[in-house]
Each structure stands twice: as structure tokens, then as C-alpha cells.
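> Sequence plus predicted model, see below.
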Amino acid sequence: MPKDLDVAKRAKVIEWLKTEVVDHVSRLFKALWEGSTTRVGDSLASLIMSSYILARRLGMSYRDLDDLLLDKLKKHKQEGHQLEDWYQDISALEEHMRKR
């Protein structure tokens, strides 16, 4: 494939993935409105999947994204994020990520 077509294809895929992320957020909001736990879970899984694939298409490895997430969790814990103070959600997610 000629280089200019490959660049155009990569750009098109990135744009498509961006719309997928927005679509999954929309589907999540609709599922929350409807109270469908099955659809909420499916929407969240799709959103996470699309986010990982978008990161990869942007030149980030899955491991790099995981490391960035762990860094962000650590920062939120240190800064006393409300979800950490109230429910220990930040610590629970950090532990989950480290066990994977």
C-alpha cells in the first residue's frame, strides 16, 4: 500500500474509533436511563475496549495505557480523591490493575 494511502487509512480509522467512543458513551447513558444492568455492562466494556484500541492506534501500547492509569490512580489517592475517601474505589481499582 502506498504510504499516503496508509496514512489516510490510519487517520480514517482513528476518526472512526473516536466516533465509536462517543457512541458507546451515548449507549451507556441510554442504558443508565433505562436501568438495564446488562446494557450498562456491555456499554462500559465496549467503551473500555474502544479506548484501548484507540490508544494503540495513536501509538500507545496497552501496557503504556495501563501504566498511565496506575499513575493517575496513585495521584488521585495521594490527593485525597472523594471516591477514595468515601468508598476506596481508587485503591480497589489500583489493586485490580496490579493483579492483572
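Thanks, I have the structure now.
> Next one: Val21 from Tyr52, what distance?
Distance check for Val21 against Tyr52: by C-beta to C-beta, to the nearest Å, it reads 11 Å. All C-beta spots, glycine's among them, are computed from the backbone N, C-alpha and C.
> same deal with Ala8?
Ala8 is 23 Å from Tyr52, where distance means C-beta to C-beta.
> what do you get for His81?
Taken as C-beta to C-beta, the span from His81 to Tyr52 is 23 Å.
> just Ala31 next, same as before
20 Å.
> Of those two, which one has the most company?
Remark: of Ala31 and Tyr52, Ala31 carries more neighbours, 18 against 15, as counted by other C-beta atoms under 10 Å.
> which non-adjacent residue is nearest that one?
Once flanking residues are discounted, Ala31 sits nearest to Arg39: 3.6 Å by C-beta to C-beta, 6 or more residues apart in numbering.
> list the contacts for that neighbour?
Listed by C-beta atoms under 8 Å, 6 or more residues apart in numbering, the contact partners of Arg39 are Arg27, Lys30, Ala31.
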